[in-house]
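Asker: Starting from these lines, generate the structure:
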Amino acid sequence: MKNLSVKNFMLILLLVLGACKKDDESTQKANAFSIKVTQNVTIPYIVTSKDDIVFDLTIAPNSASQMKNAVLSLDGTNLQSAEASADGISLQYTYEVAGRDVGKSLIFRLTVSDEAGNLVDKDFTVYVQSAPADIDIVIPSGTPSEIKDNESANFNITVVSENDLKYIKTFLDQTEITALTKETFDTPKSDTYNFSYQPTLADADKTLSFTIEVMDVLGNIIKQPYSLSIIRSQEADFSAYFDLNLGAQRSTLAGPFFNASTGEVYVTAGSASKSAGIDLVTFYSGSTNSYNITSPTFTNVINNVYTVAAYGEDAMSNWTTRKQTLIKKITLSREEFDLLASANDIQSLYTSSSVSALETSNGLANNNVIVFKTAEDKYGVLYVKSRSGNSNTNYITVDIKVQK
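Answerer: Now for the predicted structure:
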């Protein structure tokens, strides 16, 4: 066989690399399928051999993909499966902890598939210890429950253990703050642990969830939660509304109408009398399998969703006022949303965007963002956090910032 020339070899190499790149792209597209898992019963981090681990999960898609089923497994052995319905997937299973599990971290895997064959995995790790840990964590009285964003929380926590201490850690929303990790102790069985936190700009108006975790040398663990609300130090010229649930047209869990001036969410019953205060309307489209947010003047939602046949006197065609809200769907990261610190920042998102202003968002997925301009020329930005399920009986959860 003749030897390949350098030129021909490089050509073949480039073709191979090109093929690999195409495969990577197709994998990324397949991985666009994602899910939201709600624990109806909290799964513990730590149990003993006398405990049960109860799984009661509700699973919803974070994309337009149609879910097929879910399987819960442990070490490659399937424990329970459940099929999808119109409201998502409900999976229940109880695992009886045995003596052989002591000292192990049990990693339960939830695998969810969609109709296209794409898979998403979510792990739940539960540590099994021989007996409840004999560790006391004492957060002193007078510890602040709220501080301003230009202040810091700084206090000492008393930790006393029957066995020698291995570590003390602090987690913020399950992420370890490594600067606060302590692994060496002057007194092996006790410690005065200093907790210190300086808020960031993005923390303003939020309640932060910390966890103090202590492990002894035998592997026993105790966790102590601590919540801290961060108050904006200077009065903002915008209002912030977090974790608002906006319901689809048949939802009994949340209303579909939003008042941008007050932050109120209205249900359909009695909405006609409140129409002058409604700026945004939510509905779920069965044809596109997606949530939409529209202006109260959007013809399709008036004629086909909130109709007289479905809602009687509260049908949108009976409203005395239907205010026009203009909407642009833009790209904005969560960090960028959190760092919006003024009414001008919010207005600039809308005015600097080249996206055409419409009366509807069209389909919304998790992490999608819209900016809007109300009939009173107030600008707002809305971030989609999650969905309870993909149907007209569910709701989306959003964060909103709007000019005062």
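
Asker: what's next to stretch 301-320, contact-wise?
Answerer: 249, 256, 268-272, 275-276, 278, 281, 283, 292, 294, 296, 322, 360 (Cβ atoms under 8 Å, 6 or more residues apart in numbering). From N, CA and C alone the C-beta is placed, and that goes for glycine too.

Asker: Just the buried positions in that stretch, please.
Answerer: Buried residues in stretch 301-320, counted by 16 or more other Cβ atoms under 10 Å: 301-302, 305-306, 311, 314-316, 319.

Asker: I'd like those laid out as JSON lines, including secondary structure, pLDDT and distance to residue 229.
Answerer: As requested, these are exported to JSON lines (DSSP: H, G, I helix; E, B strand; the rest coil; pLDDT from 0 to 100; distance: Cβ to Cβ, whole Å):
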{"residue": "301", "secondary structure": "helix", "pLDDT": "96", "distance to residue 229": "37"}
{"residue": "302", "secondary structure": "helix", "pLDDT": "97", "distance to residue 229": "40"}
{"residue": "305", "secondary structure": "coil", "pLDDT": "97", "distance to residue 229": "38"}
{"residue": "306", "secondary structure": "coil", "pLDDT": "97", "distance to residue 229": "37"}
{"residue": "311", "secondary structure": "helix", "pLDDT": "96", "distance to residue 229": "38"}
{"residue": "314", "secondary structure": "helix", "pLDDT": "96", "distance to residue 229": "37"}
{"residue": "315", "secondary structure": "coil", "pLDDT": "96", "distance to residue 229": "41"}
{"residue": "316", "secondary structure": "helix", "pLDDT": "97", "distance to residue 229": "38"}
{"residue": "319", "secondary structure": "coil", "pLDDT": "97", "distance to residue 229": "37"}
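
Asker: and those residues as a markdown table, adding distance to residue 328?
Answerer: Formatted as a markdown table, the buried residues of stretch 301-320 follow (distance: Cβ to Cβ, whole Å):
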| residue | distance to residue 328 |
| --- | --- |
| 301 | 18 |
| 302 | 21 |
| 305 | 22 |
| 306 | 23 |
| 311 | 29 |
| 314 | 29 |
| 315 | 28 |
| 316 | 22 |
| 319 | 24 |
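
Asker: Run through the helices of the protein in chain order.
Answerer: Remark: helices assigned in the chain by DSSP state H are 6-30, 299-304, 308-311, 334-338, 343-351.

Asker: Between these, pick out the one with the smallest average pLDDT, please.
Answerer: For the helices of the chain, mean pLDDT drops lowest on helix 6-30, to a mean of 37.

Asker: Show only the entries of the contacts of stretch 301-320 found in strands.
Answerer: Mapping the contacts of stretch 301-320 onto strands (DSSP state E) picks out 281, 283, 292, 294.

Asker: Kindly give a single PyMOL line that selects the buried subset of the contacts of stretch 301-320.
Answerer: To isolate the buried members of the contacts of stretch 301-320 in PyMOL, using 16+ other Cβ under 10 Å:
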select buried, resi 249+256+268+271+272+275+278+281+283+292+294+296+322+360
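
Asker: Flag the shaky bits of the protein, pLDDT-wise.
Answerer: For the chain, the stretches flagged by pLDDT under 70 are 1-32, 63-64.

Asker: And it, split by domain according to the record?
Answerer: Per automatic domain parsing, the domain ranges recorded for the chain read 35-129, 135-231, 238-403.

Asker: Okay, now the last one: how far is its last residue from its first?
Answerer: The distance separating the two terminal residues of domain 238-403, taken as Cα to Cα, to the nearest Å, comes to 4 Å.

Asker: now swap in the shortest one and tell me
Answerer: End-to-end distance for domain 35-129: 31 Å, by Cα to Cα.

Asker: Show me how far that domain is from its chain's centre.
Answerer: Between the centre of domain 35-129 and the centre of its host chain there is 18 Å, according to Cα atoms, centre = their mean, to the nearest Å.

Asker: The longest one too?
Answerer: Relative to the centre of its chain, domain 238-403 is centred 18 Å away, using Cα atoms, centre = their mean.

Asker: Buried residues of stretch 53-68, list them for me.
Answerer: 53, 55, 57-63, 65, 67-68.

Asker: Residue 139: what's it in contact with?
Answerer: 155, 157, 212, 224, 226.

Asker: coming back round to it: wait, which of the ones in strands among the contacts of stretch 301-320 is closest to residue 241?
Answerer: For the ones in strands among the contacts of stretch 301-320, the closest approach to residue 241 (Cβ to Cβ) belongs to residue 281, at 16.5 Å.

Asker: these two touch, right, that closest one and residue 255?
Answerer: No - Residue 281 is beyond contact range of residue 255, at 10.4 Å (criterion: Cβ atoms under 8 Å).

Asker: give me the beta-bridge partners of the closest residue to residue 181 other than its chain neighbours?
Answerer: In space, and not counting its chain neighbours, residue 181 is closest to residue 169: 5.0 Å by Cβ to Cβ, 6 or more residues apart in numbering. Residue 169 forms beta bridges with residue 213, as assigned by DSSP bridges.

Asker: next one: residue 194
Answerer: Beta-bridge pairing for residue 194 (DSSP bridges): residue 156.

Asker: ok so, going back, could the buried residues of stretch 53-68 be laid out in TSV, adding distance to residue 346?
Answerer: Listed next are these as TSV, based on distance: Cβ to Cβ, whole Å:
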residue	distance to residue 346
53	45
55	41
57	37
58	33
59	34
60	29
61	30
62	25
63	27
65	32
67	35
68	40
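
Asker: from what I can see residue 116 touches residue 61, true?
Answerer: No - Residue 116 is beyond contact range of residue 61, at 11.7 Å (criterion: Cβ under 8 Å).

Asker: intersection of neighbour lists for the two?
Answerer: Contact criterion Cβ under 8 Å, 6+ apart; residues shared by residue 116 and residue 61: residue 33.

Asker: Without its sequence neighbours, what residue ends up closest to residue 33?
Answerer: Counting by Cβ to Cβ, 6+ apart, the residue nearest residue 33 is residue 118, at 4.1 Å.
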